[in-house]
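Q: okay, here's the prediction I keep looking at, along with the sequence it came from:
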Amino acid sequence: MLELNFLREHRDEAEQRLTKRNVDAKTLLDTARSLDDDRRSAQTELDARLAEMNGLSRTIGELMKSGKKDEAETARARTTELKATTAALKEKLDNAEKALHDHLCTIPNAPSAKVPVGRTPEENTVVMEEGAKPTLHDGAKPHWELAEQYELFSLDLGVKLTGAGFPVYSGQGAKLQRALIAFFLDKATEAGYREIIPPHMVNADSAFATGQLPDKEGQMYHATVDGLYLIPTAEVPITNLYRDEIVDTAHLPIKMVGYTPCFRREAGSYGAHVRGLNRVHQFDKVEIVRIERPENSYAVLEEMVEHVKGLLRALELPYRQLLLCGGDMGFSSAMTYDMEVWSAAQQRWLEVSSISNFETFQSNRLKLRYRGEDKKPKLAHTLNGSALALARIVAALLENNQTPEGIRIPKALQPYTGFAMITK
RNA sequence: GGAGAGGUGGCAGAGCGGUCGAAUGCGGCGGUCUUGAAAACCGCUUUACCCGCAAGGGUAACGGGGGUUCGAAUCCCUCCCUCUCCGCCA
């Protein structure tokens, strides 16, 4: 949720930035402005009446104490009308606040200055590309066929247990999965991130605070009996650790990392491009999260990208970095880099990481503040990024490293897998 | 799941219908004293919103929501959470 003060005080900048989303920024902001005016006038009026009421009550109390029963009765009679008035004004204010809040919830984050204009993924900027795309031997297979050949994971078994899109990893496939998680966690903790193992379900307050609700309600699995949501990413529980907190400036920056499975309904996406591990309902991911002072957040975003690049290099995967255009960015983000790896058998790029600066969009909902030099609470900036998402990394690893003799494991990973080659 | 107790400021802990945003202690910040430190003493120490150029004024918040009342941290209802005992269990 964008800050109201920002929208009021930097109206032109807000409109200019928002326009990159291809939304009708002018109308959105005009509406916000007028709803806020309504709210303010309602509050001003209510406060005045309440002050009057408080004065009367005090008077009545004093009259009662000094035994002036009659005068107290007279004063009490006067409160009846005032009560009706305040009740009506209170309702007016509540409605105005709700209308404003609901409206603000529909406004996406304002893209930062560097974000390119564009509507579709084709208009994202390729920032850089690194690593040679491998040439595969004849008879090379896509990862889902390799999985079958080496018994690494099964989607059919997942169907039996759960439904489509729930892979069952086994044997060297399971070990590879565990190795990647451990490798990513170790790299992050080496880089100074504190490891967190959060709950895999969150309440509605948490889902709202990081922006999943109400925007992506249909994307989350919902355990309705208990009102809980399965997390679509570790970002949700980890960032919410700091909901309703005013952190001491000495504690910044806050760097956290967590591994969790991620659950996504992915309603309505089927077809050839979602075969195998390309898009599944449950996948493993290691997520890095940061809470930063505003002046540092964009440098930190670059630092996080460098961290992810380090992982991809260690895994010897050809990758590229995209800067998402306004039309392709997530609702809550002010700027997002996507990292994609080359999947050699499928001959396509797979997104394995999304690294975003949310500026104060999340912290405004989280009420996550820090105390600045002037001792006043200020909203912090939040950032997060996948480091990394497992399923597609596995897909690329299997495809790119396949040989007639087996599938080669990158050196950096071998201490974790305990084997250098996946074989039958 | 059953029975009971309780949720108050950074923490501990009073208040149980009126001037209580809230005693007191601890912690924290500033000052006096000191060569320095400690001790002692003095002062300050929540957040959000509204009006105002400002100075300043006002409103709200004692787990969440609702109710009773001229007036609620205090009474009632409801939900959530914590603790103790019992049951169940990895």
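A: Perfect, I can see it now.

Q: how about the residues of the stretch 101-250 of chain A that lie near RNA strand B?
A: A:Ile246 (CB under 7 Å from any atom of the strand). Quick note: C-beta positions are derived from backbone N, CA and C, even for glycine.

Q: could I get the full set of strands for the stretch 201-350 of chain A?
A: Using DSSP state E, counting those that start in this stretch, the strands of the stretch 201-350 of chain A run over A:201-202, A:222-223, A:228-230, A:246-247, A:254-263, A:282-292, A:319-323, A:335-343, A:348-359.

Q: closest one to A:Tyr193 among the ones you listed?
A: Of all the strands of the stretch 201-350 of chain A, strand A:254-263 sits nearest to A:Tyr193, with 3.7 Å by CB to CB.

Q: tell me the residues of the stretch 251-400 of chain A that contact RNA strand B?
A: Residues of the stretch 251-400 of chain A lying close to RNA strand B by CB under 7 Å from any atom of the strand are A:Arg369, A:Pro377.

Q: in the stretch 251-400 of chain A, which residue sits nearest RNA strand B?
A: A:Pro377 (4.0 Å; CB to the nearest atom of the strand).

Q: tell me what that residue is bridged to.
A: Bridge pairing for A:Pro377 (DSSP bridges) gives the partners A:Arg371.

Q: go ahead and confirm it touches A:Tyr370.
A: Yes - using CB atoms under 8 Å, A:Pro377 is in contact with A:Tyr370, at 7.3 Å.

Q: quickly note the distance from the closest residue in space to A:His137 that isn't next to it in sequence to RNA strand B.
A: Using CB to CB, 6 or more residues apart in numbering and skipping residues adjacent in sequence, the residue nearest A:His137 is A:Pro404, 5.9 Å away. Distance, A:Pro404 to RNA strand B, by CB to the nearest atom of the strand, to the nearest Å: 45 Å.

Q: count the residues that sit near A:Pro404.
A: Other residues within reach of A:Pro404, judged by other CB atoms under 10 Å, total 8.

Q: with A:Ile393 instead?
A: Quick note: A:Ile393 (other CB under 10 Å) scores 27 neighbours.

Q: now it: which helix or strand?
A: Under the criterion of DSSP states H and E, A:Ile393 resides in helix A:390-400.

Q: does anything pack onto that helix? Which helices or strands?
A: With contacts taken as 3 or more CB pairs under 8 Å, 6 or more residues apart in numbering; DSSP states H and E, helix A:390-400 sits against helix A:143-150, helix A:171-190, strand A:282-292, strand A:335-343, strand A:348-359.

Q: output these as CSV; include the columns mean neighbour count and mean pLDDT.
A: Shown next, in CSV, are these (neighbours: other CB atoms under 10 Å; pLDDT from 0 to 100):
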stretch, mean neighbour count, mean pLDDT
helix A:143-150, 20, 94
helix A:171-190, 19, 97
strand A:282-292, 25, 96
strand A:335-343, 24, 96
strand A:348-359, 23, 96
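
Q: next one: stretch A:127-144 to chain centre, how far?
A: Relative to its parent chain, stretch A:127-144 has a centroid offset of 30 Å by CA atoms, centre = their mean, to the nearest Å.

Q: go on, stretch A:331-339?
A: 9 Å.

Q: now do stretch A:357-374
A: Centre to centre, stretch against its chain (CA atoms, centre = their mean), the figure for stretch A:357-374 is 14 Å.

Q: what's the first-to-last distance across that stretch?
A: Distance across stretch A:357-374, first residue to last, is 25 Å (CA to CA, to the nearest Å).

Q: now swap in stretch A:315-333 and tell me
A: Stretch A:315-333: ends 28 Å apart by CA to CA.

Q: go on, stretch A:209-217?
A: Stretch A:209-217: ends 13 Å apart by CA to CA.

Q: and the contacts of it?
A: Applying CB atoms under 8 Å, 6 or more residues apart in numbering, the contact partners of stretch A:209-217 are A:105, A:204, A:207-208, A:219-220, A:229, A:232, A:235-236, A:239-240, A:243, A:331-332, A:358, A:361-362, A:365-366.

Q: which one of the strands of the stretch 201-350 of chain A lies closest to A:Glu399?
A: For A:Glu399, the closest of the strands of the stretch 201-350 of chain A is strand A:335-343, at 5.4 Å, according to CB to CB.
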